[in-house]
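Peer 1: What follows is a predicted structure for the sequence shown.
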Amino acid sequence: MHLDHHLESSAAVSADARRADGSRRALRIGLGGPVGSGKTATVAALCRALREELSLAVVTNDIYTREDAEFLLREAVLPPERITAVETGACPHTAIRDDISANLEAVEDLEDEVGPLDLVLVESGGDNLTATFSRGLVDAQVFVIDVAGGDDIPRKGGPGVATADLLIVNKTDLAPYVGSDLARMAADAKAARGELPVVLQSLRSEGGVGEVADWVRGRIAAWTA
């Protein structure tokens, strides 16, 4: 499904869009979604696609480990100093919506240590369909679901599916093996989201993360305009 960039209506800008010195801070994009939906793989693919043209960094969230950050480090998607982890110690949504202080500190430390940055990707730990990011933490939210979770997920809705700035239906290559109807998922997602964009994605396909990377580029263009 191709994207329409409805930037004027959906691009929220946080109150602290500029740093203390008056310079524009990095655009912050949050990625949330259920466990196993492919958030970390999508972050890794975005880093590979964008690292030659943007100065970017990543903050990952896990409850008790640094597993997602360690995966990105093993894959060498960015230099190690551009990847950091937050151990939430509680439900992942707590640190991205309710008490965002640890994530804000991690983002600001990255900007101080390796900046100036164009983009910071903040990956939530695996959560449920109600997970949303505080707009005090991120400027746009991506929600990732996958076909193996069932083709009724878009129909079930929830804030993540219905209101995220971009919805990714991931692992479409698995649909024939898990009995998911991609056309139905696409139709249900459109019904739940109206004009908000949806991408059907397989990171194993030739197109890979290309559409999502283009969406990010559109956000960057609007942020710096």
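Peer 2: All right, it came through fine. Numbers count the residues shown, from 1 in each chain.

Peer 1: Can I get stretch 163-182 as CSV, trimmed to CA atoms?
Peer 2: Taking Å, rounded to 0.1, in the frame of the first residue of the first chain, the C-alpha atoms of stretch 163-182 are listed here in CSV:
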residue,chain,number,x,y,z
THR,A,163,-3.9,6.8,15.9
ALA,A,164,-0.3,6.2,15.2
ASP,A,165,1.1,8.5,12.5
LEU,A,166,2.2,5.4,10.5
LEU,A,167,1.0,1.8,10.8
ILE,A,168,3.2,-1.0,9.5
VAL,A,169,1.7,-4.4,8.8
ASN,A,170,5.0,-6.4,8.9
LYS,A,171,6.1,-9.9,7.8
THR,A,172,3.8,-10.0,4.8
ASP,A,173,5.9,-12.8,3.4
LEU,A,174,4.5,-15.1,6.1
ALA,A,175,0.9,-14.5,5.2
PRO,A,176,0.4,-17.7,3.2
TYR,A,177,1.9,-19.8,6.0
VAL,A,178,-0.1,-18.4,8.8
GLY,A,179,-3.5,-18.0,7.0
SER,A,180,-3.6,-14.2,7.1
ASP,A,181,-5.6,-12.3,4.4
LEU,A,182,-3.5,-9.3,3.5
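
Peer 1: Could you give me the buried positions within that stretch?
Peer 2: Along stretch 163-182, these residues count as buried under the neighbour rule (16 or more other C-beta atoms under 10 Å): 163-172, 175, 180. All C-beta atoms are positioned from the backbone trio N, CA, C, and that covers glycine.

Peer 1: Now do the contacts for residue 125.
Peer 2: Listed by C-beta atoms under 8 Å, 6 or more residues apart in numbering, the contact partners of residue 125 are 61-63, 68, 88, 92, 95.

Peer 1: that's a helix at it, yeah?
Peer 2: No - using DSSP: H, G, I helix; E, B strand; the rest coil, the assignment for residue 125 is coil, not a helix.

Peer 1: ok, it to residue 91 distance?
Peer 2: According to C-beta to C-beta, to the nearest Å, residue 125 stands 8 Å off from residue 91.

Peer 1: now residue 145
Peer 2: Distance from residue 145 to residue 91, by C-beta to C-beta: 18 Å.

Peer 1: Please say which of those two ends up with more neighbours.
Peer 2: The residue with more neighbours, out of residue 145 and residue 91, is residue 145; 25 against 15, by other C-beta atoms under 10 Å.

Peer 1: ok, and what's touching the helix or strand the more buried one falls within?
Peer 2: Taking DSSP states H and E as the definition, one finds residue 145 inside strand 140-146. Applying C-beta under 8 Å, 6+ apart, the contact partners of strand 140-146 are 10-12, 27-34, 36-39, 42, 131-133, 153-154, 160-161, 163-171, 174, 212, 219.

Peer 1: Let's see which of the residues you listed end up in strands.
Peer 2: Counting by DSSP state E, the contacts of strand 140-146 place 27-32, 166-170 in strands.

Peer 1: Serialize those residues to a markdown table and add fields for pLDDT and distance to residue 207.
Peer 2: A markdown table is the format used below for the ones in strands among the contacts of strand 140-146 (pLDDT from 0 to 100; distance: C-beta to C-beta, whole Å):
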| residue | pLDDT | distance to residue 207 |
| --- | --- | --- |
| 27 | 97 | 24 |
| 28 | 97 | 26 |
| 29 | 98 | 20 |
| 30 | 97 | 23 |
| 31 | 96 | 19 |
| 32 | 94 | 23 |
| 166 | 98 | 16 |
| 167 | 97 | 17 |
| 168 | 97 | 13 |
| 169 | 97 | 14 |
| 170 | 97 | 13 |
